[in-house]
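>>> could you work out the structure for the sequence below:
(3 chains)
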Amino acid sequence: MHDPWLEKISDSIDGLLEPAGEQALQDHLAGCAECRTLQAELRDVVAAARSAADTPPSSDLWAGIAAGIRELDPNAMPTAPDRLEMLSPVAPLKPRRSPARARRFSFSAPQLAAAAVVLMTLSGAAVWFGALARPDGSTVATGTIIQSSGSGPRAVRPVGLTAASADYAEDVATLEQALEDNRAQLDPSTIEVIERSLESIDRAIEDARTALAADPGNPYLHRQLDNTMRKKIDVLQRAAGVQRAQS
Amino acid sequence: MASVADQDRDDVRDAQSGDTAAFERVYHRHAARIHTLCRRMLSPEEADDLTQEVFIRAWQKLSLFRGDSAFGTWLYRLAVNLILARRQTFASRRSRFDGGDPNVIPMHARSERPDLRVDVDAAIRTLPPGARDVFVLHDVEGYTHEEIAGLLNVTAGTSKSQLHRARMSLRQYLR
Amino acid sequence: MITALLAGALAMTIPQQQMDTTFAVRPGGELNVDVMNGTITINTWDRDAMRVHASGSARDVDIDHDGAEVDIDVESRGIPRSVTLEITVPRSYSVAVDGLNIAVIVENLRGSAAIENVEGAIVVRGVTGDVKVESVSGSVTIENVRGALSVATVNQAIRITGSRGTIEAETVNGSIVMRRVDSADVEASTINGLVEYLGTVHDGGSYFLGTHNGRITMGIPAQANASVAVDTQNGRVQSEFAVRVGGNGQRDFSFTVGSGSARVELESYNGTINLVRPTGR
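From the prediction side, this is the model:
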C-alpha cells in the first residue's frame, strides 16, 4: 500500500533522503492524496514532540536526593571546602569481604582522633618529615602515628583525617611557597626533576580521588591517596632540604 | 546572566569538591528535564523515585565528569542509562519491541485540545517501550539514529524503523 | 625518607671528580647513601671492608663512618651534574639509599635494603633481608628477594620475580607483575594499571590483587587449594575454571578450588578479572 512511502516520508521529514530519493518522493506525493495526508500527520507528530515541554516534578525532590548523598558521602558539606581538603570519607561504607584485611588497613576516626598529632615544624634549621619506615622499622598502616626516637620532631600527621587536611593544605602551601621563594638556589635540572615529580604526584592524587569517588569504601584507595599526598610533602621537603644545602 | 552551561560548569566544579549547595543548584536547573524524561520513558508513578536516583548517581559519579561535554548532556545520558536499567530489572521477559499499553488513552487527545499541545506524554506512553525510547530520544530530545543506536544498543536501522512505527502510531493522538 | 646524618669519628671530604677508596668496616653494619642525582650501584663481597668508587661531576663526596655505620652523602654545589657511585659492601650489610633523580641497583645483600627516590629505575636482586622501595616515577624491578617486600611507586611499573617473602606492592599508574613468585602473603594494588600474579598459592596463604581501572590476572596452579572471591563493579570476569557461583551474581562471586585453604581476593572496579590455570611451574 503506502508502506514503501511511509519510511521515505518519515526520512524526508528528518532530511535523511538523498536528492534523488527526495525528488522521487515529491513526484509521488504530487499524485497521492493519501500520502500527502500522511505526511501532514507525521509532521504534526514531530512538531508536537519538538514542542513538548519539560515540566518539573510536582514536589521538590531535593530533600530525598540530599539524604541519599549523605548516606553515600558523610563528608559532603553545603559549602565548598578547600580543594586540597577533599578527602573521601574515612569510614569504609561497604564491608570488605575479608575482615582480616579490613582490620589491617582500616582506621577508625575515634582511634585517630585520640592520637596526638601534628608536629611538623618548618624552621630555618631543619625540616623533617617523619620517616614512615626505616630499614629496621615496620611498615606503617595508614593513619597510624609513629614517633621517632631520634632527634628532631618526627611525629607524623595522619593524613587520612579530615581534621588534619586543613593543616596538610597549609603545609603544602608553605612548602610550595618556600620552593618558589628559593628557586634561584636550585639548578635548572633539579627544578625540573622536582616539578616533574610534583606534577605526576598531583595527577596521581587526582587519580586516587577519582577512583575513591567511584569506590568510596575501598581501604586500598584510601591508603594510596594518603601515601601519595604524603609523597608530595616528601618531595617538597626534599626540595627545601636541597635548597638549604645550596645556600 | 550566565548561560546554563556556564552556571553548570561553576557549580559542578564546586560540587566535585563536596559542596552540596552547589549540587542543589544543579538539581534545580535540570530537574524538569530529567523528571520529564523519566515520566515519558517509564511512568509518572516512577518518575519521582527515578529522578532522585539519577541525581544521587550523578553525585556519586561526579568526579568522572571531565567537562569535555556539557554537563546537561552527561547527566541526560546517565539518566537514560538508569531508565533502561530500571526497565530491564523490573520488566517482564517480553521483547521491548512488543506492544505497549494501548488501554492508556490520553484524556485530552481528541476533543479538548485541538491545538498541538495535547498530552504528548500520555500519547507517548501508549507506545511499546522500544518505540517509545526511540521516539523520545529522537523526536523529543533530538538525538540522531546513530546516537540512539549507541544508547540503546541497537542498530541505526532498528532505530529508524522503530521511529517510523512510533510516529505512525501517534498520529491518532496527536492530530 | 632517610637523609644523611653526619655523625661519627672520621669524615673524609674529597673535593675531586674521581675517587676510589676502601676502608675497613665491621660486618652487619648499615650503609646510608644520599645522592641527589646520579647512579648508585651496590654489590657485595666477603671482606670486612667497604669500597667506594665515585666518578662523574660530583664535587663533594662525604664519607663518614665509625665502623658500624657508613654515611655517604653527595652534595652538589654550584651546578651539579650526576655522580656515579659504585659501592661494594660486606654481604651482611644493610643499605639505605635516598635521592631525587637516581638510578639504583642493589645486589646480593644479606641484610635489608631501603631505597627511595623520585625518578630513576630501581633494581634489587638477590637480597635476603627485607626490602622497601619507594619511588614516584621510577620503575621497580625486584628479583629473588627472600625477606618482606614493600614497594610503592606512582607512575611506573613494578616487576617482581622469584621472590619469597610477603609482598606489598602499590602503584597508581603502573602495573604490578609478579611471576615465579613463591609467597604466602601478597597484597598488590594499583589504580590504573594491571595486576598479575603467576606464582605459588600456598595453603593458608592470603592473596589480594586490586585495581580500579586495570585488568587482573590471577594464576591458580594445579594443586592449589584456594577460596577465591571476585568482585568487580563494571568489569568482566573470564575464568578458566568452572565456577560454581555463590554470591550476588556474575560480578561478585566466589568459588573454591581444592580444599579452599588459601584466601584469594580479586577486586577490580572497571577492569576485567582473568582467572587462569598456569601451565608449567
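
>>> if I look at the closest residue to C:Gly29 other than its chain neighbours, how far off is chain B?
In this structure, C:Gly29 finds its nearest non-sequential neighbour in C:Ala68, 4.7 Å apart by Cβ to Cβ, 6 or more residues apart in numbering or on different chains. In short, each C-beta sits where N, CA and C put it, glycine included. From C:Ala68 over to chain B the distance is 51 Å, taken as Cβ to the nearest Cβ, to the nearest Å.

>>> neighbours around C:Gln238, how many?
By the criterion of other Cβ atoms under 10 Å in any protein chain shown, C:Gln238 has 12 neighbours.

>>> helices and strands around the helix or strand that contains it, which ones?
Assigned by DSSP states H and E, C:Gln238 falls within strand C:237-239. Packed against strand C:237-239, as judged by 3 or more Cβ pairs under 8 Å, 6 or more residues apart in numbering or on different chains; DSSP states H and E, are the following elements: strand C:273-276.

>>> just how off-centre is the strand it packs on within its chain?
Distance of strand C:273-276 from its chain centroid, counting by Cα atoms, centre = their mean, to the nearest Å, is 24 Å.

>>> could you list the low-pLDDT ranges of chain A?
A:1-2, A:73-167, A:241-247 (pLDDT under 70).

>>> er, chain B actually
B:1, B:88-118, B:174-175.

>>> for it, which segments count as helices?
B:4-16, B:20-41, B:44-60, B:71-90, B:120-125, B:129-135, B:145-152, B:156-170 (DSSP state H).

>>> dump these to TSV, plus mean neighbour count.
Output for the helices of chain B, formatted as TSV (neighbours: other Cβ atoms under 10 Å in any protein chain shown):
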stretch	mean neighbour count
helix B:4-16	18
helix B:20-41	21
helix B:44-60	20
helix B:71-90	17
helix B:120-125	23
helix B:129-135	25
helix B:145-152	18
helix B:156-170	21
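
>>> nearest to C:Met19, out of the ones you listed?
Minimum separation from C:Met19 across these (Cβ to Cβ) falls at helix B:4-16, 53.7 Å.

>>> quick check: which element contains the nearest residue to A:Leu179 once chain neighbours are set aside?
Leaving out its chain neighbours, the residue that sits closest to A:Leu179 by Cβ to Cβ, 6+ apart is A:Ala239, at 5.2 Å. Using DSSP H and E, the element containing A:Ala239 is helix A:219-246.

>>> mind listing what's buried along that helix?
A:219-243, A:246 (16 or more other Cβ atoms under 10 Å in any protein chain shown).

>>> other SSEs contacting it?
Using 3+ Cβ pairs under 8 Å, 6+ apart: helix A:219-246 touches helix A:99-105, helix A:162-181, helix A:188-214, strand C:167-171, strand C:185-190.

>>> how far off centre is the last one?
Average the C-alpha atoms of strand C:185-190, do the same for its chain, and the two points are 12 Å apart (Cα atoms, centre = their mean).

>>> in JSON lines, list the helices of chain B along with distance to C:Tyr269.
Shown next, in JSON lines, are the helices of chain B (distance: least, Cβ to Cβ, whole Å):
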{"stretch": "helix B:4-16", "distance to C:Tyr269": "18"}
{"stretch": "helix B:20-41", "distance to C:Tyr269": "23"}
{"stretch": "helix B:44-60", "distance to C:Tyr269": "13"}
{"stretch": "helix B:71-90", "distance to C:Tyr269": "17"}
{"stretch": "helix B:120-125", "distance to C:Tyr269": "36"}
{"stretch": "helix B:129-135", "distance to C:Tyr269": "28"}
{"stretch": "helix B:145-152", "distance to C:Tyr269": "23"}
{"stretch": "helix B:156-170", "distance to C:Tyr269": "31"}
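
>>> now those helices as a markdown table including distance to chain C?
Converted to a markdown table, the helices of chain B look like this (distance: least, Cβ to the nearest Cβ, whole Å):
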| stretch | distance to chain C |
| --- | --- |
| helix B:4-16 | 18 |
| helix B:20-41 | 22 |
| helix B:44-60 | 11 |
| helix B:71-90 | 12 |
| helix B:120-125 | 31 |
| helix B:129-135 | 23 |
| helix B:145-152 | 17 |
| helix B:156-170 | 25 |
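
>>> out of those, the one nearest C:Leu266 is which?
helix B:44-60 (23.1 Å).

>>> residues in contact with that closest one: which ones?
A:57, A:59, A:61, A:64-65, A:68-69, A:72-73, A:76, A:213-214, B:15, B:23, B:27, B:31, B:34-35, B:38-39, B:42, B:75, B:78-79, B:82-83, B:86, B:121 (Cβ atoms under 8 Å, 6 or more residues apart in numbering or on different chains).

>>> most centrally placed residue in chain B?
Centre of chain B computed as the mean C-alpha position; nearest residue by Cα atoms, centre = their mean is B:Leu37, 3.0 Å away.

>>> ok so, going back, ok, which of the helices of chain B comes nearest C:Val154?
Proximity to C:Val154 (Cβ to Cβ) singles out helix B:4-16 among the helices of chain B, at 22.1 Å.

>>> may I have the closest one as CSV, with CA atoms only?
The C-alpha trace of helix B:4-16 is given here as CSV (Å, rounded to 0.1, in the frame of the first residue of the first chain):
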residue,chain,number,x,y,z
VAL,B,4,23.2,27.3,31.8
ALA,B,5,26.4,25.8,30.7
ASP,B,6,28.5,28.4,32.5
GLN,B,7,26.5,28.1,35.7
ASP,B,8,26.8,24.3,35.4
ARG,B,9,30.5,24.5,35.0
ASP,B,10,31.0,26.5,38.2
ASP,B,11,28.5,24.6,40.3
VAL,B,12,29.7,21.2,39.1
ARG,B,13,33.3,22.1,39.9
ASP,B,14,32.2,23.1,43.4
ALA,B,15,30.1,20.0,43.8
GLN,B,16,33.0,17.9,42.8
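
>>> would C:His53 count as being in a strand?
Yes. The assignment for C:His53 by DSSP: H, G, I helix; E, B strand; the rest coil puts it in a strand.
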